[in-house]
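Asker: My questions are about this predicted structure, shown below with the sequence.
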Amino acid sequence: MTRLQPFISRFPVLPLLVTLLSGSGTGLADSRDVTDRPNFVVVFTDDQGYQDLGCFGSPDIKTPHLDRLAGQGARFTDFYSAQAVCSASRAALLTGCYPNRIGIQGALGPKSRHGINKNEWTIAEVLKTRGYATAIYGKWHLGHHKPFLPTRHGFDDYFGLPYSNDMWPYHPGVAHLPMAERLKRWPHLPLFDKEKIVNPQVTGKDQAQLTTWYTERAVKFIEQNKKQPFFLYVPHSMPHVPLYVSDKFQGKSQRGLYGDVIMEIDWSVGQIVAALKKHKLDRRTLVIFTSDNGPWLNYGTHSGLALPLREGKGTTWDGGQREPTVMWWPGQVPAGHVCREVAGTIDILPTLAKLAGIRQLPQGHKIDGHDIWPLISGRENARSPHEAYYFYWGRHLQAVRSGRWKLHFPHAYRSLAGRKGGTGGKPVRYVQKRTGLALFDLAQDIGETTNVIGDHAEVVTRLQALANQARAELGDSATKQNGAGVRPPGRLPARPKKK
């Protein structure tokens with residue numbers, strides 16, 4: 001049985017699933033030798049702020065490894081996650097779809113009975129049709145029941161947490177309760193190795209080792225698969241609260257514990273790149289570093305900074321979804337390249353597929369991302385493939401961006417309203433604010449501070465028309481539209497009713 005046959009059996013009605021090529025028109029040598037297919041490493045942090053890297057302006061967090069990659073490769077200034085919350089953003093990265101299309105919203109928890117549908121194609125599944133080894137070391141968050149685990153969706157290996165590291169009985173929202181009461185809300189946090197729970201009760205001491213453990217696994221995976229193409233996905237649990245760091249970086253940053261955590265993630269990237277160089281894989285490997293959403297601002301000293309962007313996690317302002325993004329591939333990505341075109345995590349799947357020599361993705365299985373290799377490789381006059389980029393919160397379409405313009409539709413959002421966040425890992429309460437219909441020129445106003453809607457009626461009309469296209473395809477709770485292109489998530493069978 002070939003690697004492709006298990007996937008063909010999942011889509012028996014499709015006459016043609018994938019067309020394989022010997023070359024992809026990317027400047028790589030045409031060859032059927034698997035060693036000529038590029039490797040891919042995607043490092044995905046959790047709740048990291050736009051400013052939380054030296055190369056993105058941090059004044060007090062040292063990130064020498066990522067800064068070096070940015071200098072030797074590309075820095076994307078207008079790169080977006082698909083929604084400002086954990087599960088939705090991860091679903092988008094791995095499937096190339098807005099989360100609304102595939103029915104994954106919010107942040108799945110220990111009591112969730114749904115997850116990624118078996119009929120969706122992840123990056124790992126797509127690349128396995130070209131003989132790639134695949135692994136994920138870190139936070140999954142697309143369903144913790146067996147049908148939804150990474151090993152059922154194209155990954156050969158998995159080690160990490162099934163969901164966010166605060167989904168445990170030490171969550172600050174229940175810390176004041178007796179343990180028996182806490183466990184009714186949040187059970188103990190498990191650690192998985194493939195499909196087996198190897199630690200049913202993760203402790204704070206364990207959490208301090210997560211970044212190190214994920215890194216060690218990643219380095220070992222590279223060594224074990226150095227003679228075949230591979231896809232390595234490292235979705236770090238940090239810097240999502242609660243923050244933990246190993247002794248190696250405790251107290252090293254001027255930004256306190258949060259800065260220590262980012263420095264350790266930077267170290268992790270350095271270890272991965274060193275492994276690539278050690279095995280002479282660096283010139284055959286594309287490394288992508290980005291984050292799932294912006295900082296959780298009400299945690300204050302335990303939160304990142306999205307400056308100069310507005311707001312943070314949980315909002316459709318750019319502070320919630322515009323992510324610090326670095327891409328590196330010696331000899332293919334020009335050194336010092338800065339891309340200011342709109343792109344996002346939904347573009348990673350089609351881009352990697354094209355680079356791997358896959359001309360055509362499954363027919364009849366629509367995705368929203370585009371091949372952005374022209375942007376990554378610094379092709380002259382390359383432009384964003386997105387006529388519009390859509391900003392949803394849950395099922396509510398709250399904004400649309402096209403080029404320099406971003407139009408917000410009336411919606412409520414959470415904000416600190418100029419107040420400071422919490423200290424010591426304890427959050428303060430957000431206040432609810434509201435925006436009306438508002439247009440921003442992001443080329444002149446990156447912080448979305450000045451509404452210029454009265455000066456650009458034709459732009460507003462055009463963006464409203466684009467938004468209507470999204471509503472028809474992906475739905476919108478505000479207009480009570482379901483969306484013709486929406487697919488269901490995977491669900492466990494209903495529990496039998498008690499007699």
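Answerer: That came in fine, so what should we check first? Numbering: from 1, shown residues only.
Asker: What about the closest residue to Asn39 other than its chain neighbours, how many residues nearby?
Answerer: Excluding its sequence neighbours, the residue lying closest to Asn39 (CB to CB, 6 or more residues apart in numbering) is Thr285, at 4.1 Å. C-beta: built from backbone N, CA, C; applies to glycine. Using other CB atoms under 10 Å, Thr285 is surrounded by 23 other residues.
Asker: looking at the chain, which helix or strand does the model trust least?
Answerer: strand 19-20 (a mean of 32; mean pLDDT, DSSP states H and E).
Asker: so Phe391, which of the three states?
Answerer: Three-state call for Phe391 (DSSP: H, G, I helix; E, B strand; the rest coil): strand.
Asker: okay, now it: neighbour count?
Answerer: 28.
Asker: Now do the same contact list for the closest residue in space to Leu416 that isn't next to it in sequence.
Answerer: Of all residues not flanking Leu416 in the chain, Leu297 sits nearest, at 5.7 Å (CB to CB, 6+ apart). By CB atoms under 8 Å, 6 or more residues apart in numbering, the contact set of Leu297 is 303, 306, 311-313, 319, 416, 421.
Asker: Which members of those are the farthest-apart pair?
Answerer: Gly319 and Gly421 (13.1 Å; CB to CB).
Asker: Of those two, which one has the most company?
Answerer: Ranked by neighbour count (other CB under 10 Å), Gly319 and Gly421 place Gly319 first, with 28 against 19.
Asker: Then the more buried one would be within a helix, right?
Answerer: Yes - according to three-state DSSP, Gly319 belongs to a helix.
Asker: So it versus Tyr80, what's the distance?
Answerer: For Gly319, the distance to Tyr80 equals 11 Å [CB to CB, to the nearest Å].
Asker: any idea which helix or strand carries Val400?
Answerer: Applying DSSP states H and E as the criterion places Val400 in strand 396-402.
Asker: Let's see the helix or strand just after that strand as CSV, backbone CA atoms only.
Answerer: The helix or strand immediately downstream of strand 396-402 is strand 405-408, counting by DSSP H and E. Provided in CSV are the C-alpha atoms of strand 405-408 (Å, rounded to 0.1, in the frame of the first residue of the first chain):
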residue,chain,number,x,y,z
TRP,A,405,-7.6,49.7,4.1
LYS,A,406,-9.3,48.0,7.0
LEU,A,407,-13.0,48.4,7.6
HIS,A,408,-14.5,47.5,11.0
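Asker: what comes up buried for the next helix-or-strand element following strand 405-408?
Answerer: Using DSSP H and E, the helix or strand that follows strand 405-408 towards the C-terminus is strand 411-415. Buried residues in strand 411-415, counted by 16 or more other CB atoms under 10 Å: 411, 413-415.
Asker: Can you tell me which of those residues is closest to Ser58?
Answerer: Ser415 (22.6 Å).
Asker: in the sheet, who's paired with the closest one?
Answerer: For Ser415, the beta-bridge partners under DSSP bridges are Val431.
Asker: Make sure it is actually in contact with Lys433.
Answerer: Yes - counting by CB atoms under 8 Å, Lys433 is a contact partner of Ser415 at 4.7 Å.
Asker: Helices of the stretch 351-499 of the chain, start to end?
Answerer: Counting by DSSP state H, counting those that start in this stretch, one finds helices in the stretch 351-499 of the chain at the ranges 373-376, 457-474.
Asker: Need the contact partners of the shortest one.
Answerer: Among residues not part of helix 373-376, those counted as contacts by CB under 8 Å, 6+ apart are 26, 74, 76, 286, 327, 329, 333, 339, 341, 343, 351, 354-355, 379, 382, 384.
Asker: Can you tell me, leaving aside adjacent residues, what's nearest to the residue nearest in space to the middle of the chain?
Answerer: Nearest to the mean C-alpha position of the chain, counting by CA atoms, centre = their mean, stands Asp292 at 3.7 Å. Excluding the flanking residues, the one nearest Asp292 by CB to CB, 6+ apart is Ser89, at 4.2 Å.
Asker: cool, and Arg182?
Answerer: Arg182 sits nearest to Pro169 (CB to CB, 6+ apart), 3.9 Å away.
Asker: so how far is Ala175 from that neighbour?
Answerer: On the measure of CB to CB, Pro169 and Ala175 end up 9 Å apart.
Asker: Next, show the common contact partners of the two.
Answerer: In contact with both Pro169 and Ala175: Arg182, using CB under 8 Å, 6+ apart.
Asker: more neighbours, those two?
Answerer: The neighbour count for Pro169 versus Ala175, taken as other CB under 10 Å, is higher for Pro169 (19 against 11).
Asker: State whether the more buried one is indeed within a strand.
Answerer: No - counting by three-state DSSP, Pro169 is not part of a strand but coil.
Asker: ok, it - contacts?
Answerer: Applying CB under 8 Å, 6+ apart, the residues near Pro169 are 179, 182-183, 185-188.
Asker: can you rerun that using 7 Å?
Answerer: 179, 182-183, 186, 188 (CB atoms under 7 Å, 6 or more residues apart in numbering).
Asker: Also Arg383?
Answerer: By CB under 7 Å, 6+ apart, the neighbours of Arg383 are Glu341.
Asker: ok, back up a step: after the least confident helix or strand of the chain comes which helix or strand?
Answerer: strand 39-45.
Asker: strand partners of that next one, parallel vs antiparallel please.
Answerer: strand 230-235 (parallel), strand 285-291 (parallel).
Asker: List the buried residues for the longest helix along the chain?
Answerer: The residue-count maximum for a helix in the chain (DSSP state H) belongs to helix 256-278. By 16+ other CB under 10 Å, the buried positions in helix 256-278 come out as 257-273, 275-276.
Asker: just so I have it, where are all the helices in the stretch 201-350 of the chain?
Answerer: 204-207, 210-224, 256-278, 318-321, 348-355.
Asker: pLDDT of the first one, averaged?
Answerer: Meaning helix 204-207. Here helix 204-207 scores 98 as its mean pLDDT.
Asker: who does that helix touch, helix- and strand-wise?
Answerer: On a contact count with 3 or more CB pairs under 7 Å, 6 or more residues apart in numbering; DSSP states H and E, helix 204-207 meets no helix or strand.
Asker: Compute the first-to-last residue distance for stretch 249-260.
Answerer: 6 Å (CA to CA, to the nearest Å).
Asker: hmm, I was thinking of stretch 405-413
Answerer: The first-to-last residue distance of stretch 405-413 comes to 20 Å (CA to CA).
Asker: what stretches of the stretch 101-250 of the chain score poorly on pLDDT?
Answerer: Within the stretch 101-250 of the chain, no stretch has pLDDT under 70.
Asker: ok, which stretches of it are strands?
Answerer: For the stretch 101-250 of the chain, the strands defined by DSSP state E, counting those that start in this stretch occupy 114-115, 133-137, 157-160, 191-193, 196-199, 230-235.
Asker: Turn these into a markdown table, columns for distance to Val452 and mean neighbour count.
Answerer: As requested, the strands of the stretch 101-250 of the chain are arranged in a markdown table below (distance: least, CB to CB, whole Å; neighbours: other CB atoms under 10 Å):
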| stretch | distance to Val452 | mean neighbour count |
| --- | --- | --- |
| strand 114-115 | 41 | 24 |
| strand 133-137 | 43 | 25 |
| strand 157-160 | 44 | 22 |
| strand 191-193 | 49 | 17 |
| strand 196-199 | 53 | 11 |
| strand 230-235 | 37 | 26 |
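Asker: Just the pLDDT for Ser291.
Answerer: pLDDT, Ser291: 98.
Asker: Setting the sequence-adjacent residues aside, check what's closest to it.
Answerer: Gln48 (4.0 Å).
Asker: Around that neighbour, how many other residues sit close by?
Answerer: Quick note: Gln48 (other CB under 10 Å) scores 32 neighbours.
Asker: residues contacting it?
Answerer: Taking CB under 7 Å, 6+ apart, one finds 239, 291, 295, 304, 324 in contact with Gln48.
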